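In: Let's see this in three dimensions:
(one chain, ligands or ions: 1)
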Amino acid sequence: MRIAMAGTGYVGLVTAVCLAHHGHEVTCVDIDENKIQTMRAGISPIYEEGLEELMAESAERLTYTTDYRSAYQNKDVIFIGVGTPEKKDGSANLDFIYAVCKQIAESVNQDTLVVVKSTVPIGTNDDVEKYLQDNVQGDYKISVASNPEFLSQGTAVRDTLHGERIVIGAETEEDKNTMLKVYENFGIPMLTMNRRSAEMVKYASNDFLALKISYINEIANLCESLHANIEDVTRGMGMDSRIGNKFLNAGIGYGGSCFPKDTKALHWLSVINDVELKTVKAAIEVNERQKIRLYEKARKMGFDFKGKKVAVLGLTFKPNTDDLRDAPSLDNIPLFLDNGANIYAYDPVGMKNFQRKYPTEINYCDTPEECLQDADICFIFTEWPQIKALPMEAFQTMKTTLVLDGRNCYCPKKMKDAGILYYSIGR
Ligand code: UDX
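Out: Numbers count the residues shown, from 1 in each chain. Next up is the predicted model:
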């Protein structure tokens, strides 16, 4: 099929490349000329395992352009995969969606199915369809289907090619059938439903996972006070198949481009519909607090940051991504700076992006060992394999061997035996 993809971020580019992998002709559209040039050169603008290889393998079926007019012409399906960032009040900002819709309405020259892949509030697909039908130039039939995205950053290609389900929200049999055809070669179970239900599946799934994390983080905090071990507790819980053992890792809270934004957006939607989701509200509040839990712990211990060398290991919101969005490091580092700390940070891939936000305030180190040498305190915010593999000796080079680990990277007993004062989450 001839497909266009509006937006080449994590969702748009990965989906486009996977569609091309399965034989579709895909035109990727973005407003960023630099990004387009990069992709034309076969380079992925995002760090995602396996993506460049797949771009190369499907190169003959992939085109990259900023010229939306020609891109949206002669297409069977146009996907929208642009961002829906958070507004100040927590609601989703749909400006990018409507900017693309305007271009689509101006450009199409045949009947076209527009597929919203971006995460959008329930009811948005209805509004988008009305907008497109009201504004299309010419006598063309435009309809809209919802096709939410469940990929995780770092495993985006695998999640797209081998996902557990494809959710399709469509209002007509014809649109459902078009979508079934788009994905027929993927070999993944497909679920069809109405558009509003599909939109809700996305929010309800993400918010459920966020809730699971906040719940386990609260249990972990209580474990600390009651001298129970969260890892044993989750092992015991996870073997109950009704609970499952995934997303039960306690830590310093969830970040990333989805959970923080989607919990706030659904909560906002629930409030304006007068059916407040109290569980989601609690998940948000717990997460905000959890992110600075280790900072608060250090303060309670009487640690004075002024003039001290603070080693920060891990900046990204999780390993295997260069994404910093809502990463706990971004909540903590300003607090350390405000308190007069000298920060030495290490992250295997996130430093370049961090440097854009903090070009001079932080000392960036090539190795974790360099950060730790003579440090007064160490905070761990991301469980990168390089950080998890550090030998005890690396911490023994600190001036004061005080380690606060937000990702439970090391065995507490081994750290204690090595003479390191070690605090983790729920153990
Ligand atoms: C998430 C969803 O998993 C994905 O389905 C959706 O499409 C987008 O949002 P992503 O944000 O890439 O994906 O990352 P994910 O692996 O889910 O982790 C999100 C955050 O939760 C990270 O900060 C991670 O550290 C944290 N997390 C995850 C935990 O604290 N504990 C866990 O057990 C799992």
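
In: avg pLDDT for the longest helix along the chain?
Out: Identified as the longest helix of the chain according to DSSP state H is helix 195-226. The average pLDDT within helix 195-226 is 98.

In: How many residues are close by the residue nearest to Ala250 when sequence neighbours are not counted?
Out: Leaving aside its chain neighbours, Ala250 sits nearest to Ala220 (3.5 Å; criterion: Cβ to Cβ, 6 or more residues apart in numbering). Where C-beta positions appear, they are placed from N, C-alpha and C, glycine not excepted. Using other Cβ atoms under 10 Å, Ala220 has 26 neighbouring residues.

In: give me every residue that touches Ala220.
Out: 230, 250, 425-427 (Cβ atoms under 8 Å, 6 or more residues apart in numbering).

In: From those, which land in helices?
Out: Among the contacts of Ala220, DSSP H puts Ile230 in helices.

In: how about the strands in the chain?
Out: For the chain, the strands defined by DSSP state E cover 2-6, 25-29, 62-65, 77-80, 112-116, 142-146, 166-169, 190-193, 309-313, 342-346, 362-364, 377-380, 402-405, 421-423.

In: Same list, the ones you listed, but as JSON lines with distance to Met179 and mean neighbour count please.
Out: JSON lines is the format used below for the strands of the chain (distance: least, Cβ to Cβ, whole Å; neighbours: other Cβ atoms under 10 Å):
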{"stretch": "strand 2-6", "distance to Met179": "12", "mean neighbour count": "26"}
{"stretch": "strand 25-29", "distance to Met179": "15", "mean neighbour count": "25"}
{"stretch": "strand 62-65", "distance to Met179": "21", "mean neighbour count": "21"}
{"stretch": "strand 77-80", "distance to Met179": "8", "mean neighbour count": "26"}
{"stretch": "strand 112-116", "distance to Met179": "7", "mean neighbour count": "26"}
{"stretch": "strand 142-146", "distance to Met179": "6", "mean neighbour count": "25"}
{"stretch": "strand 166-169", "distance to Met179": "4", "mean neighbour count": "23"}
{"stretch": "strand 190-193", "distance to Met179": "8", "mean neighbour count": "16"}
{"stretch": "strand 309-313", "distance to Met179": "44", "mean neighbour count": "26"}
{"stretch": "strand 342-346", "distance to Met179": "45", "mean neighbour count": "22"}
{"stretch": "strand 362-364", "distance to Met179": "46", "mean neighbour count": "18"}
{"stretch": "strand 377-380", "distance to Met179": "43", "mean neighbour count": "26"}
{"stretch": "strand 402-405", "distance to Met179": "45", "mean neighbour count": "22"}
{"stretch": "strand 421-423", "distance to Met179": "50", "mean neighbour count": "18"}
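
In: Can I get these in a markdown table including distance to the ligand?
Out: Listed next are the strands of the chain as a markdown table, based on distance: least, Cβ to the nearest ligand atom, whole Å:
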| stretch | distance to the ligand |
| --- | --- |
| strand 2-6 | 17 |
| strand 25-29 | 19 |
| strand 62-65 | 22 |
| strand 77-80 | 15 |
| strand 112-116 | 14 |
| strand 142-146 | 14 |
| strand 166-169 | 11 |
| strand 190-193 | 15 |
| strand 309-313 | 14 |
| strand 342-346 | 18 |
| strand 362-364 | 21 |
| strand 377-380 | 12 |
| strand 402-405 | 13 |
| strand 421-423 | 17 |
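
In: Could you provide those strands in CSV, with additional columns for distance to Asn353?
Out: Shown next, in CSV, are those (distance: least, Cβ to Cβ, whole Å):
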stretch, distance to Asn353
strand 2-6, 24
strand 25-29, 22
strand 62-65, 22
strand 77-80, 25
strand 112-116, 28
strand 142-146, 31
strand 166-169, 31
strand 190-193, 36
strand 309-313, 14
strand 342-346, 12
strand 362-364, 11
strand 377-380, 19
strand 402-405, 23
strand 421-423, 28
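
In: Looking at those strands, which is nearest to Thr234?
Out: strand 402-405 (16.5 Å; Cβ to Cβ).

In: What pairs with the closest one, parallel or antiparallel?
Out: When pairing is defined by DSSP bridges, strand 402-405 lines up against strand 377-380 (parallel), strand 421-423 (parallel).

In: can you put those strands in JSON lines and add mean pLDDT and distance to Cys258?
Out: Output for the strands paired with strand 402-405, formatted as JSON lines (pLDDT from 0 to 100; distance: least, Cβ to Cβ, whole Å):
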{"stretch": "strand 377-380", "mean pLDDT": "98", "distance to Cys258": "23"}
{"stretch": "strand 421-423", "mean pLDDT": "98", "distance to Cys258": "29"}
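
In: export the ones you listed to TSV and tack on distance to Val82?
Out: Putting those into TSV (distance: least, Cβ to Cβ, whole Å) gives the following:
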stretch	distance to Val82
strand 377-380	34
strand 421-423	41
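
In: do you know how far the residue of the chain positioned farthest from its centre is from Glu52?
Out: Distance from the C-alpha centroid of the chain, by Cα atoms, centre = their mean, peaks at Asp139 (39.2 Å). Computed as Cβ to Cβ, to the nearest Å, the Asp139 to Glu52 distance reads 42 Å.

In: same question, Tyr131
Out: Tyr131 is 36 Å from Glu52, where distance means Cβ to Cβ.

In: Look at these two and report which has more neighbours.
Out: Per other Cβ under 10 Å, whichever of Tyr131 and Glu52 has more neighbours is Tyr131, with 18 against 15.

In: can you tell me which residues contact the more buried one?
Out: Tyr131 touches 98, 101, 105, counting by Cβ under 8 Å, 6+ apart.

In: Can you tell me which of the residues you listed comes closest to Ala6?
Out: Cys101 (9.1 Å).

In: So for the closest one, what's the pLDDT?
Out: 98.

In: before we move on, back to that, pick out the most distant pair among the contacts of Ala220.
Out: Ala250 and Arg427, at 8.5 Å, using Cβ to Cβ across the contacts of Ala220.

In: any shared contact partners between those two?
Out: With Cβ under 8 Å, 6+ apart as the test, Ala250 and Arg427 both reach 220, 230, 408.

In: okay, how far is it across stretch 292-310, tip to tip?
Out: In stretch 292-310, first residue to last residue: 15 Å (Cα to Cα, to the nearest Å).

In: Which positions in it come out as buried?
Out: Neighbour counts over stretch 292-310 (16 or more other Cβ atoms under 10 Å) mark 292-295, 298, 303, 305, 308-310 as buried.
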